[in-house]
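*Asks:* Predicted model and sequence below, questions to follow.
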Amino acid sequence: MATEYDFVAIGSGHNGLVAAAYLAAAGKRVLVLERNAWFGGGVVTRELTVPGFRHDQHAMAHIFIQGNPLLKSDELGLKSRYGLRYVVPDLPMMSLFEDGSSLALYRDRERTCAEIGKYSRRDADAYRRLAQQAAEWLPMIASTLYSAPAPMGASTAMMDQSPEGRALWRVTQMSTHDLLCQYFEHDRVRMHFARVAGENLVSPDEKATAIGVFVFVGFLEAYGFGVPIGGSGALTNALIACIRAQGGEVRADTNVERVRVQAGRARGVRLSDGGEIAAREGVIGAIHPHHLGRMVETIDPAVASAAAATEVSPNACITIHAALKTPLRTRDGEPVRAVMTELLPDRYEQLRRSFDELRYGQFSSYPLVGLGSLSEFDPSRVPTGAATLHAWDYVPYVRADGRSWDESKREYAEHMLDHMVRFLPNLTRDNIIAYHCDSPVDMERTSPSFVHGDLHGIGMSTYQSGSHRPTPELGQYTVPGIERLYLVGPFQHPGGGVFGAGRATAFKIFEDLRLDLGKVARA
């Protein structure tokens, strides 16, 4: 092989970059290869509309990574050395209802209770109980997110040994809807929190989704929603700067075709142009489970078959990125003050039925639109006085009418804009300088991790979670029968979103190489 490194990483998504950065900080010679002309995978900021407007093409707010020691303790110096900065607004999330009313979810618990009290004083008290329980569970939950997951049987047995554990286990089996009906009486309060489940591309009626409410509230109050200054890609840029400062390399426009395996050990990669790069100590692969059988030499057919059978969510994403002349305003003339804003119907049943329609491969009769305008908090992303819009909805990957997304996405985007203007009166065509739309097919094209437009890689179901994500054989970030091949990506534990989960993969590598992660973190 012509060129040799200690580790070669396939893909420059933030998880792979995190793992590579820890290795580079440990003194390993690391090479990261990216097939696109840009870096970052789902954590990328690009001028998608017109020059001067910087849009987060996929991930927008950075929530769960805020509890990761990577940032919490600044283990790699991304904030102290490599320029990563966040602003954390007081108002992470707000729901706007069609009649013009709203419900805000603040980091300050009592401010949230005052908001909920507009609809029900009883529900305000219930929120205090829910938020307190979320805070009590948060340290335990957070401790499971940034390292390899415990075996499923051991986790269940541990929870079954105490009343607190059994209560937690019960919640992990419930649907979000069931939980909300136990806590809240008002339709709009239930709908406000039910929409949170939808951000995992699942209906609030899906079983085993209720724990997400506690995770969401716990993180929101403890850490808030981090808005990266300069755009979501600022995290990617800081990680690349860290790798390069330690002597590592990050290359674009380089497509990996195969992982080379010799004598049962990953030894390097073969590129689509025929070139080969050796890896003395291992390969890190952001390889979707559906592609493992094709990309990894000598893989056990049974392992590859189980990986190929993993299920993606039936609900795919479609997004709009718009450059605006002036910032968005609600119907009462106020700016869009929340990091994330959900546009909701007046009846909770309508939201539930919209998810039901998606389940059967149909378009929702009522769009499930969420949006953010992060230029409100980070003016560096736009020209003076202007604004950005990032909006998303859920749609089937395969249209029941047989039309292709390439020829129909603009039509659906116009449908979304017509819906949004009912909530945001100045989102008129006159205020839109230009917009860019990514269909589920476009999502898949931008990253091989987003199969069928699923931004979580594969569905977030219980049988594809924890140590069984994506399969029981692959749940420890390794591939049975192939030494020194390590996996990263949203299809691994803990799932999609900006977790910095490559730290868990780095942990696994450090264990195998008998390296001291503590020394790297203290450096």
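*Replies:* Looks like it came in fine.
*Asks:* Mind pulling up the pLDDT for residue 3?
*Replies:* pLDDT, residue 3: 68.
*Asks:* actually residue 462, sorry about that
*Replies:* The model's pLDDT for residue 462 equals 88.
*Asks:* Could you do residue 522 as well?
*Replies:* Value for residue 522, per-residue pLDDT: 66.
*Asks:* Make 22 the starting number, not 1.
*Replies:* New numbering, starting at 22: the last item is residue 543.
*Asks:* top helix in this structure by residue count?
*Replies:* Counting by DSSP state H, the longest helix found in the chain is helix 142-164.
*Asks:* Report the backbone C-alpha coordinates of that one in CSV.
*Replies:* Extracted C-alpha coordinates of helix 142-164, given in CSV (Å, rounded to 0.1, in the frame of the first residue of the first chain):
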residue,chain,number,x,y,z
ARG,A,142,-52.9,25.3,36.9
ARG,A,143,-53.1,21.6,37.6
ASP,A,144,-50.8,21.0,34.6
ALA,A,145,-48.3,23.5,35.9
ASP,A,146,-48.0,21.5,39.1
ALA,A,147,-47.7,18.3,37.1
TYR,A,148,-44.9,19.8,35.1
ARG,A,149,-43.0,20.6,38.3
ARG,A,150,-43.2,16.9,39.2
LEU,A,151,-42.2,15.8,35.7
ALA,A,152,-39.3,18.2,35.6
GLN,A,153,-38.1,17.2,39.1
GLN,A,154,-38.2,13.5,38.1
ALA,A,155,-36.3,14.4,34.9
ALA,A,156,-33.6,16.2,36.9
GLU,A,157,-33.2,13.2,39.3
TRP,A,158,-32.9,10.7,36.4
LEU,A,159,-30.6,12.9,34.3
PRO,A,160,-27.2,12.0,35.8
MET,A,161,-27.9,8.3,35.3
ILE,A,162,-29.3,8.8,31.8
ALA,A,163,-26.4,11.0,30.8
SER,A,164,-23.9,8.5,32.1
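*Asks:* Where does pLDDT dip in the stretch 22-171 of the chain?
*Replies:* Residues of the stretch 22-171 of the chain that meet the criterion pLDDT under 70 lie in 22-24.
*Asks:* All the strands of it, in order from the start?
*Replies:* Using DSSP state E, counting those that start in this stretch, the strands of the stretch 22-171 of the chain run over 24-31, 51-54, 66-67, 76-77, 107-108, 114-118, 123-126.
*Asks:* Would you reformat those as JSON lines and include distance to residue 333 and mean neighbour count?
*Replies:* C-beta coordinates here come from the backbone N, C-alpha and C atoms, glycine included. Shown next, in JSON lines, are the strands of the stretch 22-171 of the chain (distance: least, CB to CB, whole Å; neighbours: other CB atoms under 10 Å):
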{"stretch": "strand 24-31", "distance to residue 333": "20", "mean neighbour count": "23"}
{"stretch": "strand 51-54", "distance to residue 333": "25", "mean neighbour count": "26"}
{"stretch": "strand 66-67", "distance to residue 333": "24", "mean neighbour count": "21"}
{"stretch": "strand 76-77", "distance to residue 333": "22", "mean neighbour count": "28"}
{"stretch": "strand 107-108", "distance to residue 333": "31", "mean neighbour count": "18"}
{"stretch": "strand 114-118", "distance to residue 333": "26", "mean neighbour count": "22"}
{"stretch": "strand 123-126", "distance to residue 333": "29", "mean neighbour count": "22"}
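*Asks:* Can you show me the strands along the stretch 172-321 of the chain?
*Replies:* According to DSSP E, counting those that start in this stretch, the strands that the stretch 172-321 of the chain contains are 248-249, 270-272, 277-283, 286-292, 297-306.
*Asks:* What residues of stretch 151-162 count as buried?
*Replies:* Under the neighbour-count criterion of 16 or more other CB atoms under 10 Å, stretch 151-162 has 151, 152, 154, 155, 158, 159, 162 buried.
*Asks:* So which of the residues you listed is the closest to residue 447?
*Replies:* residue 152 (34.0 Å; CB to CB).
*Asks:* show me where the stretch 322-471 of the chain has strands.
*Replies:* 337-345, 361-365, 391-393, 408-416, 453-459.
*Asks:* Indicate which one of those is closest to residue 498.
*Replies:* strand 337-345 (25.6 Å).
*Asks:* closest to residue 244 out of the strands of the stretch 22-171 of the chain?
*Replies:* Across these, closest to residue 244 is strand 107-108 (CB to CB), at 9.9 Å.
*Asks:* show me where pLDDT drops low in the stretch 372-521 of the chain?
*Replies:* In the stretch 372-521 of the chain, no residues with pLDDT under 70.
*Asks:* returning to that earlier point: who wins for proximity to residue 484 among the strands of the stretch 322-471 of the chain?
*Replies:* Nearest of those to residue 484, taken as CB to CB: strand 337-345 at 20.3 Å.
*Asks:* Distance from the chain centre to that closest one, please.
*Replies:* Computed by CA atoms, centre = their mean, to the nearest Å, the chain-centroid distance of strand 337-345 equals 16 Å.
*Asks:* do the same with stretch 232-243
*Replies:* That offset, for stretch 232-243, works out to 15 Å (CA atoms, centre = their mean).
*Asks:* Ok, stretch 388-398 next?
*Replies:* 16 Å.
*Asks:* gap between the two ends of it?
*Replies:* End-to-end distance of stretch 388-398 (CA to CA, to the nearest Å): 26 Å.
*Asks:* Contacts made by it with the rest, please.
*Replies:* Outside of stretch 388-398, the residues within contact range by CB atoms under 8 Å, 6 or more residues apart in numbering are 77, 81-82, 108, 110, 216, 219-220, 248, 345, 348-349, 356-358, 360-364, 372, 375-376, 402-403, 407-415, 436-437, 440-441.
*Asks:* Of those, which qualify as buried by neighbour count?
*Replies:* By 16+ other CB under 10 Å, these give 77, 81-82, 110, 216, 219-220, 248, 345, 348-349, 357-358, 360-364, 372, 375-376, 402-403, 407-415, 437, 440-441 as buried.
*Asks:* Count the neighbours of residue 59 for me.
*Replies:* When neighbours are defined as other CB atoms under 10 Å, residue 59 has 16 of them.
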